[in-house]
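based on what follows, work out the 3D shape:
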Amino acid sequence: MGEGVAYAGRDLESMSFARNYHDWILELFRPYLGSRLVEVGAGTGSFSEMLLARGAETLSLVEPSTEMYRRLVENVAGLSKSARVRTYNDTFGRVAGRIREEARPDSVIYVNVLEHVADDEAELALVCETLAPGGRVFVFVPALHWLYGNFDEMVGHRRRYSRRELEGKTSRAGFRVLKSVYFDSAGVLPWWVKYRLLRSRKMEPGTVKFYDDYCVPALKRIESVVPPPVGKNVLLVAEKI
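I've put the predicted structure just below:
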């Protein structure tokens with residue numbers, strides 16, 4: 001992550017308790033993933049665990065929050081017998097050089113993290129510089145500027161994105177976009193009602209679990225056939241030119 005980021009961990013907004021949601025994200029990433037992975041803003045390791053389960057040569061985990069980092073180290077300890085796991089209690093900007101030298105990464109992953117970074121284009125350019133030739137960046141961010149509300153501000157979101165905006169920033173940073181889609185179309189209206197109309201500042205685990213258990217599996221099947229014109233999030237994969 002870039003310098004000067006006010007960031008206390010992403011587990012709340014990334015719905016770390018929503019297993020089906022994360023499975024869906026990883027399924028869309030999987031065809032493009034390499035074997036030398038970096039996860040930026042790894043939180044307590046909920047997505048890291050899934051990355052290790054799919055197999056990797058190395059996994060470098062970057063987490064700036066001291067409390068999140070402590071739990072991350074505890075949670076990933078002993079999870080993989082084959083992958084070499086490195087952890088960094090810092091921002092990506094301060095450890096990118098070390099990661100480039102130590103791991104020669106071919107995949108850098110940002111799940112609900114880039115929206116926290118003050119200068120996201122500079123961050124993407126640094127990712128491009130850090131990646132090995134032909135390496136790829138994987139980005140999942142909140143979408144639609146008009147959904148931005150009190151909750152986004154409370155959890156440290158500096159922005160929400162449109163597909164075109166994210167594609168443009170990624171291309172200017174030195175990447176060729178391979179995949180770019182809106183994600184979770186059914187979540188747009190509930191989010192607008194709860195966080196824009198009613199100005200809620202809470203995300204209840206029970207509500208998220210219900211949505212994850214009963215709505216996400218059906219939505220995943222629908223969006224795999226008919227890509228939505230809008231969605232609550234944007235998912236993008238791009239390759240270093």
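
just give me how far the lowest-mean-pLDDT helix or strand in the chain sits from the chain centre.
Every helix and strand in the chain was compared by mean pLDDT, DSSP states H and E; the lowest is helix 205-210, with a mean of 87. When C-alpha coordinates are averaged (C-alpha atoms, centre = their mean, to the nearest Å), helix 205-210 and its chain have centres 20 Å apart.

can you pull the buried residues of that helix?
For helix 205-210, the neighbour count (16 or more other C-beta atoms under 10 Å) marks residue 208 as buried. For the C-beta atoms, the positions are set from N, CA and C on the backbone; glycine is no exception.

which SSE is immediately downstream of it?
helix 216-225 (DSSP states H and E).

quick check: next helix or strand after that following helix?
Using DSSP H and E, the helix or strand that directly follows helix 216-225 along the chain is strand 233-240.

from the contact counts, what lies against that next one?
helix 19-29, strand 136-142, helix 163-172, strand 175-183 (3 or more C-beta pairs under 8 Å, 6 or more residues apart in numbering; DSSP states H and E).

shaky segments in this protein?
Low-confidence segments of the chain, defined by pLDDT under 70: 1-17.

closest to the centroid, which residue in it?
Centroid-nearest residue in the chain, with C-alpha atoms, centre = their mean: residue 111, separated by 0.6 Å.

nearest residue to that residue in space, please, no chain neighbours.
Using C-beta to C-beta, 6 or more residues apart in numbering and skipping residues adjacent in sequence, the residue nearest residue 111 is residue 140, 4.6 Å away.

again, but for residue 95
Spatially, and ignoring its direct neighbours in sequence, residue 95 is nearest to residue 88 (4.6 Å; C-beta to C-beta, 6+ apart).

I figured that neighbour hits residue 72, correct?
No: the criterion here is C-beta atoms under 8 Å, and residue 88 misses it with residue 72 at 10.1 Å.

what residues are shared contacts of these two?
61, 63 (C-beta atoms under 8 Å, 6 or more residues apart in numbering).

and the two? Which one has more around it.
When neighbours are counted by other C-beta atoms under 10 Å, residue 88 and residue 72 differ, and residue 72 comes out ahead with 24 against 20.

phi, psi for that one please.
Phi and psi for residue 72, reported as degrees, to the nearest 10, are phi -60, psi -50.

just to revisit the earlier point, quick check: the gap between the residue nearest to the centre of the chain and residue 102.
Noted for residue 111: a distance of 22 Å to residue 102, by C-beta to C-beta, to the nearest Å.

equivalent analysis for residue 45, please.
From residue 45 to residue 102 the distance is 20 Å (C-beta to C-beta).

what sits against the residue nearest to residue 95?
60, 61, 62, 63, 95, 98, 99.
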